[in-house]
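A.B. asks: My questions are about this predicted structure, shown below with the sequence.
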Amino acid sequence: MVEENQTILSDFILLGLSGLPNAQQSLFLLLLIIYLMTLTGNLLILLLIFSDSQLHTPMYFFLANLASLDICYSQVTLPKLLLDFLAKKQNIAIATCLAQIFFLHFSISSELFLLAVMSYDRYIAICHPLHYINIMQKHICAQLASLVWLSGFLYSLVQILCTLRLSFCRQNFINNLFCDLPQLLQLSCTETITNILVILIFGGFLGFNALGVTFIPYVYIFRTVQKIKTKQGKIKAFSTCTSHLTVVFTIYAALIFTYFRPTTDKHFEYDKLVSVLYAVITPLLNPIIYSLRNNDLKRALSRVLNKTSLPVIRPTRNNVSTISKGPLSMGNT
């Protein structure tokens with residue numbers, strides 16, 4: 001319950017990296033480059049997948065969804081973060097703060113669910129290749145993708161509905177570069193045990209299931225690959241999984257580092273900087289990992305570049321004679 005002599009807050013102030021004043025310009029340029037590279041890389045993946053018919057497969061359909069989520073993920077934090085570097089006072093309204101939290105958790109949770117679906121796709125492709133076309137049909141893939149986005153939306157909606165019951169009347173300083181639930185709960189003058197339970201029970205349940213669905217298929221994939229007699233066959237079978245596994249380990253490592261690492265007051269500003277870099281670099285790593293380790297995307301990029309490049313017309317005797325005749329040659333036909 002809020003006491004009568006307490007004033008309800010209407011906005012927060014993001015402290016950001018105020019403890020590192022000498023690095024503001026360098027950080028701004030670094031984050032701007034990361035932001036532009038993230039958008040360019042993920043948009044390029046979407047362009048290649050939608051424009052090249054050879055990439056119209058379930059695996060690349062889910063990769064297009066991953067690129068879309070990465071774009072959404074980067075849009076949640078980076079534009080506001082870049083503006084805060086240029087502004088003297090980093091105010092953020094409570095409604096905007098809640099919206100940022102909603103879309104941040106929506107992007108992260110949807111990406112975890114999508115990685116689980118992509119593991120299932122690899123499991124069917126390697127362990128049941130003869131039934132792959134019948135199982136991973138277009139409408140099945142569309143339903144799985146819709147389930148991913150819906151699950152992320154519902155998870156974020158539950159978190160925000162629980163947060164709306166809170167009132168904020170203490171100090172309005174958020175010691176972070178963007179709004180997130182842990183910092184917001186610290187500022188609440190309402191009891192937060194309900195929110196903590198929802199995060200631990202609901203979030204833990206969904207997170208544990210997403211983790212299980214992501215890694216359990218690889219147990220069967222490893223067993224199937226081990227049965228392949230030739231070394232070249234093993235490498236070919238498992239090559240389609242390396243990019244996905246790299247992204248999985250990167251995202252889960254980033255989440256563990258951000259939310260489950262101990263913080264120390266002595267190096268808190270640098271811990272905060274590394275945490276933010278993990279948050280903004282993760283959407284950038286996905287297109288880099290898939291573009292560098294995926295020959296199909298490289299070949300698709302070559303085909304697109306060949307189509308867009310203008311053909312070089314070399315003059316021949318027939319061309320020269322035709323050009324010299326000009327409009328008269330048209331009249332003779």
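C.D. replies: Now that the structure is in, tell me what you want to look at.

A.B. asks: just the helices in the stretch 101-250 of the chain please.
C.D. replies: 132-135, 138-164, 181-187, 193-197, 204-227, 231-259 (DSSP state H, counting those that start in this stretch).

A.B. asks: Show me which residues of the first one are buried.
C.D. replies: The neighbour-count criterion (16 or more other CB atoms under 10 Å) identifies Y132 as the buried residues of helix 132-135. Just so you know, the C-beta spots here come from the backbone N, C-alpha and C atoms, and that holds for glycine as well.

A.B. asks: Select, out of the helices of the stretch 101-250 of the chain, the one closest to Y123.
C.D. replies: helix 204-227 (3.6 Å; CB to CB).

A.B. asks: For I13, find the nearest of the helices of the stretch 101-250 of the chain.
C.D. replies: I13 sits nearest to helix 181-187 of all these, at 10.9 Å, using CB to CB.

A.B. asks: packing partners for that closest one?
C.D. replies: Applying 3 or more CB pairs under 8 Å, 6 or more residues apart in numbering; DSSP states H and E, one finds that helix 181-187 contacts helix 94-127, helix 138-164, strand 173-174, helix 193-197.

A.B. asks: center of this structure, which residue is that?
C.D. replies: Residue closest to the average C-alpha location in the chain (CA atoms, centre = their mean): D70, at 2.5 Å.

A.B. asks: Could you give the number of residues near the nearest residue to that residue once chain neighbours are set aside?
C.D. replies: What sits nearest to D70 in space, not counting adjacent residues and going by CB to CB, 6 or more residues apart in numbering, is P283, at 3.8 Å. When counting by other CB atoms under 10 Å, one arrives at 30 neighbours for P283.

A.B. asks: wait, doesn't P283 sit right on T40?
C.D. replies: No: using CB atoms under 8 Å, P283 makes no contact with T40, being 11.7 Å away.

A.B. asks: With L104 as the reference, measure out to G203.
C.D. replies: G203 is 13 Å from L104, where distance means CB to CB, to the nearest Å.

A.B. asks: no no, K236
C.D. replies: According to CB to CB, K236 stands 38 Å off from L104.

A.B. asks: Have a look at those two and say which one is more surrounded.
C.D. replies: Set side by side, K236 and L104 show more neighbours around L104, with 20 against 12, by other CB under 10 Å.

A.B. asks: Who are the contact partners of the more buried one?
C.D. replies: Y73, V76, T77, F178, C179, D180 (CB atoms under 8 Å, 6 or more residues apart in numbering).

A.B. asks: mind redoing it with 10 Å?
C.D. replies: Residues in contact with L104 (CB atoms under 10 Å, 6 or more residues apart in numbering) are C72, Y73, V76, T77, S156, F178, C179, D180, L181, A279.
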